[in-house]
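Novice: I would like the atomic coordinates for the input below:
(one chain, ligands or ions: 1)
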Amino acid sequence: MNTLKRIDPRRPFIVTAQGLRRITLGVAGVVDTAHASNTAAFDARHTTRRDQPKPRRTTAAPQQVLLVAAHADRGALDDHTRQTLAAAALIANAHTEVVLLVFGEFTGDAAALGADKLIELPMFDRRVYAPTDELNALAACVAAYAPVHIFLPDNVTADGDLGRRYAAAANASVATHVVEIDAAHVATYVHAHTALATRALPEVVLLAPHAVDPKLPFVGAGERVVWRFDREAGATAAQSAVRDLGIDEIDAAQVALEEADFIVSAGNGVSDVPAFERLAATLGAAIGASRVAVDDGRFTRDKQIGATGKTVDATVYIAFGISGAVQHLQGIKDCRHVIAVNLDASAPITKRANLTVIADAREVIAALDEAAAAARGARATSAALLDPGKVAEGAFA
Ligand SMILES: Cc1cc2nc3c(=O)[nH]c(=O)nc-3n(C[C@H](O)[C@H](O)[C@H](O)COP(=O)(O)OP(=O)(O)OC[C@H]3O[C@@H](n4cnc5c(N)ncnc54)[C@H](O)[C@@H]3O)c2cc1C
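Specialist: Model prediction:
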């Protein structure tokens, strides 16, 4: 009889402070949830009972702090930030507290993301460019909590810049584009991605995207801390070096698809292209298209999304009459909310979509355009009522 045990190489895994760990089904041992390194055994017990609430990572008294700093976008943290927070939570030992400092408003569940403490600075909106104030806020937070390491997502929006500014100002050791991390080391690619350079965990860690799985088998304490940062008091002479000229609103149709945050996309199921373009203008969304819609001349080639088109990472992606072929899905894998409008409830796009509307694209486009125009009109009226100057202007124009 063949007594060899067969092991599925694709069985679930998690990334821990010790690196990638496969889950061994049937592990019975005692689970010390106080330490992240036990998460593999812990997860094994919980894979069959996913509906059960996750335990706290630790309840021991904190003796040191890991600080994670990042910007929120409309109340949420993006995947990259969640990965950075997960890295800190996985590295943290039982006596380490993970403190999350959020620039901007944050309405999410900090505990579920692995944070023990949450400090929210709602005065720093992504739309405001205030690098010196943000640097002062980060420095004040570091002074208050004395973290052993500071983690930021290495992105081009704001956090990568803030981390570098902080490291330079504080003369702190820093590692950028970190692709591998454990409790003692970080690694980053060198020589055109042909080799890895490793060093001891520095004071500031700027994590590359997708280095860590953000799904954690535990939760943090998630305690909200009221921490006042006085922007004026933190002002320095250097502040005059930066002047925020505000944001110029441009026509959404002109936004490069790769940079667009809101995209409406048309496939073969969209026959009335002018109505679709009107909707995009009403919503202020950029326009994308499937390859079929581009091939038959309804849209120009630069609008094509997918494997042989553009890769987008919009917060909202509405796919009208797009089947969701694998080549198309490849281009929208990083979109946060995908909404599909399709006549066919079994179209592949429905598996990727967070919300599917089973309806005729033409009808939905018309109804949505009407509703969005009405909502915009109502908002403009109430804004005018709140601003007497505008009412007078409108009345005498
Ligand atoms: C090498 C290669 C590269 C490719 N690269 C890309 C790429 O980059 N991007 C890309 O998109 N494709 C790409 N394709 C093509 C891809 O395989 C699909 O053929 C294409 O994405 C299908 O486009 P579609 O979903 O718009 O059209 P269809 O497959 O025709 O699907 C139309 C969908 O609309 C629905 N529908 C029809 N009428 C209505 C209506 N009135 N209201 C609502 N829904 C309706 C249908 O139910 C259907 O689901 C590539 C293919 C190959 C082989």
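Novice: and the strands in the stretch 51-200 of the chain?
Specialist: Remark: strands assigned in the stretch 51-200 of the chain by DSSP state E, counting those that start in this stretch are 64-71, 96-103, 117-121, 149-153, 174-181, 185-190, 195-200.
Novice: please convert these to a markdown table, extending it with distance to Thr58 and mean neighbour count.
Specialist: (Glycine included, C-beta is placed from N, CA and C.) What follows is the strands of the stretch 51-200 of the chain, written out as a markdown table (distance: least, Cβ to Cβ, whole Å; neighbours: other Cβ atoms under 10 Å):
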| stretch | distance to Thr58 | mean neighbour count |
| --- | --- | --- |
| strand 64-71 | 12 | 24 |
| strand 96-103 | 8 | 26 |
| strand 117-121 | 13 | 22 |
| strand 149-153 | 17 | 27 |
| strand 174-181 | 19 | 20 |
| strand 185-190 | 22 | 17 |
| strand 195-200 | 24 | 11 |
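Novice: mind putting the ones you listed in JSON lines, distance to Ala111 and mean pLDDT included?
Specialist: As requested, the strands of the stretch 51-200 of the chain are exported to JSON lines (distance: least, Cβ to Cβ, whole Å; pLDDT from 0 to 100):
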{"stretch": "strand 64-71", "distance to Ala111": "14", "mean pLDDT": "97"}
{"stretch": "strand 96-103", "distance to Ala111": "10", "mean pLDDT": "97"}
{"stretch": "strand 117-121", "distance to Ala111": "8", "mean pLDDT": "96"}
{"stretch": "strand 149-153", "distance to Ala111": "18", "mean pLDDT": "98"}
{"stretch": "strand 174-181", "distance to Ala111": "22", "mean pLDDT": "96"}
{"stretch": "strand 185-190", "distance to Ala111": "26", "mean pLDDT": "94"}
{"stretch": "strand 195-200", "distance to Ala111": "30", "mean pLDDT": "94"}
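Novice: wait, which of those strands is closest to Tyr166?
Specialist: Among those, the nearest to Tyr166 by Cβ to Cβ is strand 149-153 (7.1 Å).
Novice: as CSV, the strands of the stretch 51-200 of the chain with distance to Ile322 would be great.
Specialist: Shown next, in CSV, are these (distance: least, Cβ to Cβ, whole Å):
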stretch, distance to Ile322
strand 64-71, 31
strand 96-103, 35
strand 117-121, 38
strand 149-153, 30
strand 174-181, 33
strand 185-190, 35
strand 195-200, 39
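Novice: if I've got this straight, Ala373 is in a helix?
Specialist: Yes. Ala373 sits within a helix when classified using DSSP: H, G, I helix; E, B strand; the rest coil.
Novice: mind checking which of the strands of the stretch 51-200 of the chain is nearest Ala373?
Specialist: Nearest of the strands of the stretch 51-200 of the chain to Ala373, taken as Cβ to Cβ: strand 64-71 at 32.0 Å.
Novice: before we move on, the earlier item: as CSV, the strands of the stretch 51-200 of the chain with distance to the ligand would be great.
Specialist: CSV is the format used below for the strands of the stretch 51-200 of the chain (distance: least, Cβ to the nearest ligand atom, whole Å):
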stretch, distance to the ligand
strand 64-71, 31
strand 96-103, 35
strand 117-121, 40
strand 149-153, 28
strand 174-181, 27
strand 185-190, 28
strand 195-200, 32
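Novice: those: which one's closest to Ala345?
Specialist: Closest to Ala345 of those is strand 149-153 (Cβ to Cβ; 37.1 Å).
Novice: mind listing what that closest one pairs with, with the direction of each?
Specialist: Paired strands of strand 149-153, with direction, are strand 64-71 (parallel), strand 204-207 (parallel) (DSSP bridges).
Novice: I appreciate the help and will end here.
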